[in-house]
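Chemist: structure of the sequence below:
(one chain, ligands or ions: 2)
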Amino acid sequence: MKHALITGITGQDGSYLAEFLLDKPDYVVHGLVRRASSFNRKRIDHITAGAQTHDRFHLHYADLSDASSLSTVVQKIKPDEIYNLGAQSHVRISFDQPIYTADTVGLGTLRLLEATRNLSQEKLVKFYQASSSEMFGSAPPPQGLETPFHPRSPYACAKLYAHWQTINYREAYNLFACTGILFNHESPRRGESFVTRKITLSAARIKEGLQDKLYLGNIEASRDWGFAGDYVRAMWMMLQQPKPDDYVIAMDETHTVREFLDIAFGMLDLDYKKYVEFDPKYMRPSEVDILHGDSSKTRRILGWKPEVDFKGLVKMMVEHDHELARREKHALAFPND
Ligand code: NAP
Ligand code: F7E
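Modeler: Ligands and ions are numbered 1, 2, ... in the order given. You can find the predicted model right below:
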(Lines give C-alpha, C1' and ligand atoms only; values in the text may rest on other atoms or scores of the structure.)
(Ligands and ions follow the chains in the order given, each with its own letter.)
Protein backbone atom coordinates (compact mmCIF):
# COMPACT_ATOMS: atom_id res chain seq x y z
CA MET A 1 0.00 0.00 0.00
CA LYS A 2 1.09 3.61 -0.62
CA HIS A 3 0.74 6.04 2.26
CA ALA A 4 -0.18 9.65 1.38
CA LEU A 5 -0.09 12.51 3.89
CA ILE A 6 -2.27 15.56 3.16
CA THR A 7 -1.98 18.85 5.03
CA GLY A 8 -5.16 20.91 4.67
CA ILE A 9 -7.36 17.80 4.43
CA THR A 10 -10.36 19.66 5.93
CA GLY A 11 -10.17 22.25 3.12
CA GLN A 12 -11.73 22.20 -0.35
CA ASP A 13 -8.80 20.57 -2.18
CA GLY A 14 -7.81 18.27 0.67
CA SER A 15 -11.26 16.69 0.72
CA TYR A 16 -11.33 16.11 -3.06
CA LEU A 17 -7.77 14.77 -3.06
CA ALA A 18 -8.54 12.35 -0.21
CA GLU A 19 -11.55 11.02 -2.15
CA PHE A 20 -9.50 10.75 -5.35
CA LEU A 21 -6.70 8.75 -3.64
CA LEU A 22 -9.10 6.52 -1.70
CA ASP A 23 -10.80 5.58 -4.97
CA LYS A 24 -7.54 3.83 -5.80
CA PRO A 25 -7.33 0.51 -3.98
CA ASP A 26 -3.64 0.85 -3.10
CA TYR A 27 -3.70 4.11 -1.06
CA VAL A 28 -3.90 4.75 2.66
CA VAL A 29 -4.65 8.45 3.28
CA HIS A 30 -3.48 10.38 6.34
CA GLY A 31 -4.64 13.93 7.00
CA LEU A 32 -3.38 16.63 9.35
CA VAL A 33 -6.07 18.31 11.41
CA ARG A 34 -5.92 21.24 13.81
CA ARG A 35 -7.69 21.38 17.09
CA ALA A 36 -10.65 23.79 16.93
CA SER A 37 -13.18 24.76 19.59
CA SER A 38 -15.91 23.28 17.43
CA PHE A 39 -15.74 20.61 14.74
CA ASN A 40 -14.70 21.84 11.28
CA ARG A 41 -14.69 18.57 9.37
CA LYS A 42 -17.88 18.79 7.34
CA ARG A 43 -15.99 18.33 4.04
CA ILE A 44 -14.55 14.98 5.16
CA ASP A 45 -17.24 13.60 7.49
CA HIS A 46 -18.60 11.39 4.71
CA ILE A 47 -15.12 9.85 4.24
CA THR A 48 -14.66 9.18 7.95
CA ALA A 49 -18.09 7.50 8.01
CA GLY A 50 -17.54 5.51 4.79
CA ALA A 51 -17.51 1.81 5.65
CA GLN A 52 -15.30 0.86 2.70
CA THR A 53 -12.53 3.34 3.26
CA HIS A 54 -12.47 4.14 6.95
CA ASP A 55 -9.66 1.66 7.68
CA ARG A 56 -7.58 3.40 4.99
CA PHE A 57 -8.26 6.93 6.28
CA HIS A 58 -6.53 8.37 9.36
CA LEU A 59 -6.42 11.84 10.91
CA HIS A 60 -3.52 13.18 13.00
CA TYR A 61 -3.31 16.35 15.06
CA ALA A 62 -0.53 18.71 13.92
CA ASP A 63 -0.10 22.30 12.76
CA LEU A 64 2.07 23.93 10.10
CA SER A 65 3.19 26.44 12.72
CA ASP A 66 4.52 23.63 14.94
CA ALA A 67 7.66 21.94 13.55
CA SER A 68 7.80 19.20 16.17
CA SER A 69 4.22 18.06 15.50
CA LEU A 70 4.97 17.86 11.76
CA SER A 71 8.15 15.91 12.26
CA THR A 72 6.44 13.50 14.71
CA VAL A 73 3.62 12.75 12.24
CA VAL A 74 5.97 12.38 9.26
CA GLN A 75 8.22 9.97 11.21
CA LYS A 76 5.24 7.99 12.50
CA ILE A 77 3.58 7.54 9.09
CA LYS A 78 6.68 7.51 6.87
CA PRO A 79 4.52 8.52 3.88
CA ASP A 80 5.39 7.79 0.26
CA GLU A 81 3.71 11.02 -0.88
CA ILE A 82 3.17 14.31 0.93
CA TYR A 83 0.70 16.89 -0.40
CA ASN A 84 1.16 20.27 1.27
CA LEU A 85 -2.25 21.93 0.86
CA GLY A 86 -2.57 23.56 4.30
CA ALA A 87 -2.60 27.36 4.28
CA GLN A 88 -4.24 30.58 5.41
CA SER A 89 -5.51 30.77 1.84
CA HIS A 90 -7.61 33.96 1.82
CA VAL A 91 -5.86 36.79 -0.05
CA ARG A 92 -7.91 39.65 1.47
CA ILE A 93 -7.37 38.33 5.01
CA SER A 94 -3.61 38.05 4.41
CA PHE A 95 -3.52 41.89 4.46
CA ASP A 96 -5.04 41.78 7.98
CA GLN A 97 -2.83 38.91 9.16
CA PRO A 98 0.40 39.15 7.15
CA ILE A 99 2.70 37.62 9.76
CA TYR A 100 0.41 34.71 10.56
CA THR A 101 0.00 34.10 6.81
CA ALA A 102 3.78 34.19 6.23
CA ASP A 103 4.27 31.81 9.15
CA THR A 104 1.80 29.10 8.07
CA VAL A 105 2.17 29.45 4.31
CA GLY A 106 5.88 30.30 4.06
CA LEU A 107 7.65 28.91 7.12
CA GLY A 108 5.04 26.15 7.48
CA THR A 109 6.16 24.76 4.12
CA LEU A 110 9.80 24.99 5.17
CA ARG A 111 9.04 23.11 8.40
CA LEU A 112 7.35 20.35 6.41
CA LEU A 113 10.20 20.26 3.88
CA GLU A 114 12.66 19.76 6.73
CA ALA A 115 10.63 16.85 8.11
CA THR A 116 10.47 15.43 4.56
CA ARG A 117 14.22 15.85 4.05
CA ASN A 118 14.91 13.85 7.23
CA LEU A 119 12.61 11.06 6.07
CA SER A 120 14.15 11.09 2.57
CA GLN A 121 17.39 9.80 4.10
CA GLU A 122 15.53 6.53 4.83
CA LYS A 123 13.25 6.15 1.79
CA LEU A 124 11.96 7.80 -1.39
CA VAL A 125 9.34 10.38 -0.46
CA LYS A 126 7.56 12.58 -2.99
CA PHE A 127 6.46 16.11 -2.05
CA TYR A 128 3.78 18.29 -3.68
CA GLN A 129 3.65 22.02 -2.95
CA ALA A 130 0.40 23.93 -3.56
CA SER A 131 1.79 26.99 -5.32
CA SER A 132 -0.59 29.66 -6.58
CA SER A 133 -1.27 31.80 -9.65
CA GLU A 134 -1.42 34.72 -7.16
CA MET A 135 2.41 34.62 -7.39
CA PHE A 136 2.07 36.07 -10.93
CA GLY A 137 0.16 39.04 -9.50
CA SER A 138 0.51 41.94 -11.90
CA ALA A 139 2.51 40.06 -14.57
CA PRO A 140 0.76 40.55 -17.94
CA PRO A 141 -1.39 37.63 -19.16
CA PRO A 142 -1.26 34.89 -20.28
CA GLN A 143 0.81 33.61 -17.34
CA GLY A 144 2.77 30.36 -17.73
CA LEU A 145 5.96 28.66 -16.59
CA GLU A 146 8.19 31.30 -18.20
CA THR A 147 6.31 34.31 -16.74
CA PRO A 148 8.21 36.33 -14.10
CA PHE A 149 6.47 36.55 -10.71
CA HIS A 150 5.16 39.83 -9.29
CA PRO A 151 3.19 39.05 -6.09
CA ARG A 152 0.63 41.61 -4.89
CA SER A 153 -0.35 40.42 -1.39
CA PRO A 154 1.20 38.99 1.79
CA TYR A 155 -0.38 35.65 0.77
CA ALA A 156 1.27 35.73 -2.64
CA CYS A 157 4.67 36.69 -1.16
CA ALA A 158 4.43 33.82 1.33
CA LYS A 159 3.47 31.37 -1.44
CA LEU A 160 6.43 32.56 -3.52
CA TYR A 161 8.79 31.94 -0.58
CA ALA A 162 7.35 28.41 -0.17
CA HIS A 163 7.58 27.85 -3.94
CA TRP A 164 11.30 28.70 -4.09
CA GLN A 165 12.08 26.74 -0.93
CA THR A 166 10.49 23.66 -2.52
CA ILE A 167 12.59 24.11 -5.67
CA ASN A 168 15.69 24.71 -3.53
CA TYR A 169 15.13 21.46 -1.58
CA ARG A 170 14.85 19.65 -4.91
CA GLU A 171 18.13 21.15 -6.16
CA ALA A 172 20.07 21.08 -2.87
CA TYR A 173 18.98 17.72 -1.45
CA ASN A 174 17.73 15.89 -4.52
CA LEU A 175 14.27 15.70 -2.98
CA PHE A 176 11.45 14.51 -5.27
CA ALA A 177 9.61 17.82 -4.84
CA CYS A 178 7.08 19.23 -7.34
CA THR A 179 5.31 22.56 -7.39
CA GLY A 180 1.88 22.98 -8.98
CA ILE A 181 1.08 26.59 -9.81
CA LEU A 182 -2.69 26.31 -9.76
CA PHE A 183 -5.05 29.00 -11.00
CA ASN A 184 -8.33 29.56 -9.11
CA HIS A 185 -10.37 26.41 -8.71
CA GLU A 186 -13.82 26.21 -7.18
CA SER A 187 -16.57 23.76 -6.31
CA PRO A 188 -19.63 23.39 -4.09
CA ARG A 189 -17.08 22.86 -1.28
CA ARG A 190 -15.38 26.23 -1.85
CA GLY A 191 -15.08 28.37 1.30
CA GLU A 192 -18.08 30.69 1.61
CA SER A 193 -16.05 33.93 1.63
CA PHE A 194 -14.38 33.36 -1.77
CA VAL A 195 -16.14 35.32 -4.47
CA THR A 196 -17.60 32.45 -6.56
CA ARG A 197 -19.20 30.68 -3.60
CA LYS A 198 -20.34 33.95 -2.09
CA ILE A 199 -22.14 34.68 -5.37
CA THR A 200 -23.76 31.25 -5.84
CA LEU A 201 -24.89 31.07 -2.20
CA SER A 202 -26.32 34.60 -2.30
CA ALA A 203 -28.04 34.15 -5.67
CA ALA A 204 -29.75 31.00 -4.37
CA ARG A 205 -30.81 32.65 -1.09
CA ILE A 206 -32.11 35.71 -2.97
CA LYS A 207 -34.11 33.40 -5.25
CA GLU A 208 -35.70 31.76 -2.20
CA GLY A 209 -36.45 35.11 -0.52
CA LEU A 210 -33.90 34.53 2.28
CA GLN A 211 -31.65 37.51 1.39
CA ASP A 212 -32.15 40.91 -0.30
CA LYS A 213 -28.72 42.11 -1.38
CA LEU A 214 -25.21 40.88 -2.18
CA TYR A 215 -22.31 43.19 -1.24
CA LEU A 216 -19.11 42.84 -3.28
CA GLY A 217 -15.83 44.65 -3.98
CA ASN A 218 -14.09 44.83 -7.37
CA ILE A 219 -16.28 42.99 -9.87
CA GLU A 220 -14.08 43.93 -12.84
CA ALA A 221 -11.30 41.57 -11.63
CA SER A 222 -10.79 38.65 -13.99
CA ARG A 223 -9.88 35.08 -13.04
CA ASP A 224 -9.12 31.75 -14.71
CA TRP A 225 -11.61 29.51 -12.85
CA GLY A 226 -11.65 25.70 -13.02
CA PHE A 227 -13.18 22.82 -11.03
CA ALA A 228 -11.26 21.66 -7.92
CA GLY A 229 -11.97 17.97 -8.66
CA ASP A 230 -10.07 18.27 -11.95
CA TYR A 231 -7.17 20.10 -10.30
CA VAL A 232 -6.47 17.54 -7.53
CA ARG A 233 -6.10 14.89 -10.24
CA ALA A 234 -3.27 16.97 -11.71
CA MET A 235 -1.52 17.09 -8.30
CA TRP A 236 -1.39 13.30 -8.18
CA MET A 237 -0.27 13.05 -11.83
CA MET A 238 2.71 15.32 -11.07
CA LEU A 239 3.98 12.93 -8.41
CA GLN A 240 3.70 9.93 -10.78
CA GLN A 241 6.18 11.41 -13.30
CA PRO A 242 9.70 9.94 -13.52
CA LYS A 243 11.29 13.24 -12.42
CA PRO A 244 10.13 16.09 -10.15
CA ASP A 245 9.28 19.40 -11.86
CA ASP A 246 7.12 22.55 -11.81
CA TYR A 247 3.71 22.71 -13.50
CA VAL A 248 0.93 25.19 -14.28
CA ILE A 249 -2.70 24.09 -14.05
CA ALA A 250 -5.37 26.35 -15.55
CA MET A 251 -8.34 26.44 -17.92
CA ASP A 252 -6.42 28.90 -20.13
CA GLU A 253 -9.38 31.32 -20.27
CA THR A 254 -10.43 34.24 -18.12
CA HIS A 255 -13.77 35.70 -16.94
CA THR A 256 -14.62 38.74 -14.86
CA VAL A 257 -16.46 38.54 -11.55
CA ARG A 258 -19.22 40.49 -13.33
CA GLU A 259 -19.51 37.72 -15.93
CA PHE A 260 -19.68 35.08 -13.17
CA LEU A 261 -22.47 37.10 -11.53
CA ASP A 262 -24.40 37.44 -14.77
CA ILE A 263 -24.28 33.69 -15.50
CA ALA A 264 -24.97 32.51 -11.91
CA PHE A 265 -27.95 34.85 -11.35
CA GLY A 266 -29.14 34.18 -14.92
CA MET A 267 -29.33 30.44 -14.17
CA LEU A 268 -31.93 31.31 -11.50
CA ASP A 269 -33.77 33.76 -13.83
CA LEU A 270 -32.52 36.74 -11.81
CA ASP A 271 -30.89 39.98 -12.99
CA TYR A 272 -27.82 40.49 -10.78
CA LYS A 273 -27.91 44.29 -11.31
CA LYS A 274 -31.01 44.53 -9.10
CA TYR A 275 -29.30 42.90 -6.13
CA VAL A 276 -25.56 43.61 -6.16
CA GLU A 277 -24.16 46.59 -4.21
CA PHE A 278 -20.59 47.81 -3.82
CA ASP A 279 -18.94 47.66 -0.40
CA PRO A 280 -15.40 49.12 -0.17
CA LYS A 281 -14.52 46.76 2.67
CA TYR A 282 -14.08 43.98 0.11
CA MET A 283 -11.46 45.95 -1.86
CA ARG A 284 -7.79 44.96 -1.45
CA PRO A 285 -4.91 47.40 -0.84
CA SER A 286 -3.34 46.02 -4.03
CA GLU A 287 -5.39 43.95 -6.46
CA VAL A 288 -4.55 41.31 -9.04
CA ASP A 289 -6.55 42.55 -12.03
CA ILE A 290 -6.30 39.64 -14.40
CA LEU A 291 -5.21 36.02 -14.20
CA HIS A 292 -5.26 34.00 -17.41
CA GLY A 293 -3.22 30.81 -17.42
CA ASP A 294 -1.14 29.12 -20.07
CA SER A 295 -1.01 25.44 -19.10
CA SER A 296 -0.05 24.17 -22.59
CA LYS A 297 3.35 22.79 -21.52
CA THR A 298 1.90 21.02 -18.49
CA ARG A 299 -0.95 19.52 -20.53
CA ARG A 300 1.57 18.16 -23.04
CA ILE A 301 3.77 16.57 -20.38
CA LEU A 302 1.12 15.26 -17.97
CA GLY A 303 -1.62 14.54 -20.49
CA TRP A 304 -3.97 16.36 -18.07
CA LYS A 305 -7.14 18.02 -19.25
CA PRO A 306 -10.15 19.33 -17.33
CA GLU A 307 -13.51 17.57 -17.50
CA VAL A 308 -15.69 20.46 -16.25
CA ASP A 309 -15.84 23.71 -18.25
CA PHE A 310 -16.58 27.20 -16.89
CA LYS A 311 -20.36 27.12 -17.44
CA GLY A 312 -20.49 23.56 -16.04
CA LEU A 313 -18.70 24.76 -12.93
CA VAL A 314 -21.09 27.67 -12.35
CA LYS A 315 -24.08 25.37 -12.91
CA MET A 316 -22.74 22.77 -10.45
CA MET A 317 -22.29 25.44 -7.77
CA VAL A 318 -25.63 27.17 -8.40
CA GLU A 319 -27.57 23.89 -8.31
CA HIS A 320 -25.84 22.80 -5.10
CA ASP A 321 -26.47 26.11 -3.35
CA HIS A 322 -30.05 26.33 -4.60
CA GLU A 323 -30.73 22.99 -2.92
CA LEU A 324 -29.14 24.34 0.31
CA ALA A 325 -31.31 27.46 0.16
CA ARG A 326 -34.46 25.39 -0.42
CA ARG A 327 -33.61 23.29 2.65
CA GLU A 328 -32.93 26.42 4.72
CA LYS A 329 -36.32 27.83 3.70
CA HIS A 330 -38.05 24.57 4.52
CA ALA A 331 -36.36 24.43 7.95
CA LEU A 332 -37.58 27.97 8.69
CA ALA A 333 -41.14 27.15 7.66
CA PHE A 334 -41.23 23.76 9.45
CA PRO A 335 -38.79 23.99 12.37
CA ASN A 336 -40.06 20.75 13.92
CA ASP A 337 -39.57 18.60 10.80
P1 NAP B 1 -8.90 26.01 1.98
O2 NAP B 1 -10.22 25.44 1.62
O3 NAP B 1 -8.82 27.38 2.56
O4 NAP B 1 -8.23 24.97 3.01
C5 NAP B 1 -7.07 25.30 3.73
C6 NAP B 1 -6.70 24.15 4.62
O7 NAP B 1 -5.50 24.49 5.33
C8 NAP B 1 -7.74 23.80 5.69
O9 NAP B 1 -7.78 22.39 5.83
C10 NAP B 1 -7.16 24.44 6.95
O11 NAP B 1 -7.55 23.78 8.14
C12 NAP B 1 -5.68 24.18 6.71
N13 NAP B 1 -4.82 25.04 7.53
C14 NAP B 1 -4.88 26.39 7.69
N15 NAP B 1 -3.92 26.80 8.54
C16 NAP B 1 -3.24 25.70 8.92
C17 NAP B 1 -2.17 25.47 9.82
N18 NAP B 1 -1.58 26.47 10.48
N19 NAP B 1 -1.73 24.19 9.99
C20 NAP B 1 -2.32 23.15 9.34
N21 NAP B 1 -3.35 23.32 8.49
C22 NAP B 1 -3.80 24.57 8.29
O23 NAP B 1 -7.91 25.99 0.71
P24 NAP B 1 -8.06 25.23 -0.69
O25 NAP B 1 -8.86 26.09 -1.60
O26 NAP B 1 -8.45 23.83 -0.46
O27 NAP B 1 -6.56 25.32 -1.23
C28 NAP B 1 -5.62 24.29 -0.94
C29 NAP B 1 -4.21 24.83 -1.10
O30 NAP B 1 -4.01 25.28 -2.44
C31 NAP B 1 -3.89 26.04 -0.22
O32 NAP B 1 -2.52 25.96 0.10
C33 NAP B 1 -4.13 27.23 -1.14
O34 NAP B 1 -3.37 28.33 -0.70
C35 NAP B 1 -3.64 26.65 -2.45
N36 NAP B 1 -4.25 27.20 -3.66
C37 NAP B 1 -5.61 27.26 -3.78
C38 NAP B 1 -6.17 27.70 -4.96
C39 NAP B 1 -7.66 27.75 -5.14
O40 NAP B 1 -8.11 28.42 -6.06
N41 NAP B 1 -8.43 27.03 -4.33
C42 NAP B 1 -5.33 28.09 -6.03
C43 NAP B 1 -3.97 27.99 -5.87
C44 NAP B 1 -3.42 27.52 -4.69
P45 NAP B 1 -8.86 24.25 8.99
O46 NAP B 1 -10.03 23.57 8.32
O47 NAP B 1 -8.55 23.74 10.34
O48 NAP B 1 -8.93 25.75 8.90
O1 F7E C 1 -11.29 36.71 -5.16
C2 F7E C 1 -12.77 39.91 -6.20
C3 F7E C 1 -11.43 39.94 -5.51
O4 F7E C 1 -11.16 35.76 -2.88
C5 F7E C 1 -11.38 36.71 -6.57
C6 F7E C 1 -7.59 31.75 -3.33
O7 F7E C 1 -8.01 30.42 -3.44
O8 F7E C 1 -7.34 31.98 -5.70
C9 F7E C 1 -8.00 32.52 -4.58
O10 F7E C 1 -7.66 33.88 -4.39
C11 F7E C 1 -11.57 38.13 -7.09
C12 F7E C 1 -10.59 39.14 -6.49
O13 F7E C 1 -10.01 34.60 -4.81
C14 F7E C 1 -15.30 40.18 -3.61
O15 F7E C 1 -10.99 41.29 -5.31
C16 F7E C 1 -14.86 41.13 -5.51
O17 F7E C 1 -10.12 39.98 -7.51
O18 F7E C 1 -12.44 34.51 -4.67
P19 F7E C 1 -11.30 35.36 -4.30
P20 F7E C 1 -8.49 35.08 -5.06
O21 F7E C 1 -8.15 36.30 -4.31
O22 F7E C 1 -8.29 35.09 -6.53
C23 F7E C 1 -5.91 32.01 -5.65
C24 F7E C 1 -5.36 31.37 -6.90
C25 F7E C 1 -5.37 31.43 -4.39
O26 F7E C 1 -4.27 30.88 -4.36
C27 F7E C 1 -6.08 31.79 -3.13
O28 F7E C 1 -5.75 30.87 -2.09
O29 F7E C 1 -12.86 38.58 -6.70
N30 F7E C 1 -13.91 40.19 -5.32
N31 F7E C 1 -15.72 41.14 -4.48
C32 F7E C 1 -14.15 39.58 -4.14
N33 F7E C 1 -13.51 38.57 -3.51
C34 F7E C 1 -14.02 38.15 -2.32
N35 F7E C 1 -13.40 37.12 -1.67
N36 F7E C 1 -15.13 38.72 -1.76
C37 F7E C 1 -15.81 39.73 -2.36
O38 F7E C 1 -16.80 40.22 -1.84
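
Chemist: quick one: the helices in the stretch 201-337 of the chain?
Modeler: Along the stretch 201-337 of the chain, the segments classed as helices by DSSP state H, counting those that start in this stretch run 228-239, 257-267, 296-302, 310-333.

Chemist: what does the stretch 51-200 of the chain have sitting close to ligand 2?
Modeler: Within the stretch 51-200 of the chain, the positions adjacent to ligand 2 are Ser89, Val91, Arg92, Ser132, Ser133, Glu134, Phe183, Asn184, Ser193, Phe194, Val195, Lys198 by C-beta under 6 Å from any ligand atom. Where you see a C-beta, it was placed from the backbone N, CA and C, and this is true even at glycine.

Chemist: what's near enough to touch the first one?
Modeler: Under the criterion of C-beta atoms under 8 Å, 6 or more residues apart in numbering, the neighbours of Ser89 are Gly11, Val105, Tyr155, Gly191.

Chemist: likewise for the second one?
Modeler: Val91 makes contact with Glu134, Ser153, Tyr155, Ala156, Arg284, Val288, according to C-beta under 8 Å, 6+ apart.

Chemist: how near is the closest residue to Arg284 other than its chain neighbours to ligand 1?
Modeler: Leaving aside its chain neighbours, Arg284 sits nearest to Arg92 (5.6 Å; criterion: C-beta to C-beta, 6 or more residues apart in numbering). Between Arg92 and ligand 1 the computed distance is 13 Å (C-beta to the nearest ligand atom, to the nearest Å).

Chemist: so for Arg92, what's the pLDDT?
Modeler: Arg92 carries a pLDDT score of 98 in this model.

Chemist: can you pull the phi and psi angles for it?
Modeler: phi -60, psi -40 (degrees, to the nearest 10).

Chemist: just checking, it touches Pro285?
Modeler: No: counting by C-beta atoms under 8 Å, Arg92 does not reach Pro285; the two are 9.4 Å apart.

Chemist: closest to Asn168 out of the helices of the stretch 201-337 of the chain?
Modeler: helix 228-239 (17.9 Å; C-beta to C-beta).

Chemist: got the angle for the closest one vs helix 310-333?
Modeler: 130 degrees (axes from the mean of the first three to the mean of the last three C-alpha atoms, to 10 degrees).

Chemist: walk me through the domains of the protein.
Modeler: As assigned by automatic domain parsing, the chain contains the domains 2-187+225-249, 195-222+254-291+309-333.

Chemist: around ligand 1, pick out the residues from this structure.
Modeler: Within the chain, the positions adjacent to ligand 1 are 7-8, 10-14, 32, 34, 36, 40, 63-65, 85-89, 104, 108, 130, 132, 182, 184-185, 191 by C-beta under 6 Å from any ligand atom.

Chemist: among these, which are located in helices?
Modeler: Under the assignment DSSP state H, these contribute Gln12, Asp13, Gly14, Gly108 to helices.

Chemist: from those, which single one is nearest ligand 2?
Modeler: For those, the minimum distance to ligand 2 (C-beta to the nearest ligand atom) is 8.3 Å, reached by Gln12.

Chemist: surely that closest one and Lys42 touch.
Modeler: No: taking C-beta under 8 Å as the definition, Gln12 is not a contact partner of Lys42, at 11.5 Å.

Chemist: counting neighbours, go ahead and name the busier of the two.
Modeler: In this view Gln12 and Lys42 are compared by other C-beta atoms under 10 Å, and Gln12 has more residues nearby, 24 against 10.

Chemist: and the more buried one, how far from Asp80?
Modeler: 24 Å (C-beta to C-beta, to the nearest Å).

Chemist: can you check Ala333 too?
Modeler: Counting by C-beta to C-beta, the gap from Ala333 to Asp80 is 51 Å.

Chemist: more crowded one of those two?
Modeler: Shown here are Ala333 and Asp80; by other C-beta under 10 Å, Asp80 has more neighbours (17 against 8).
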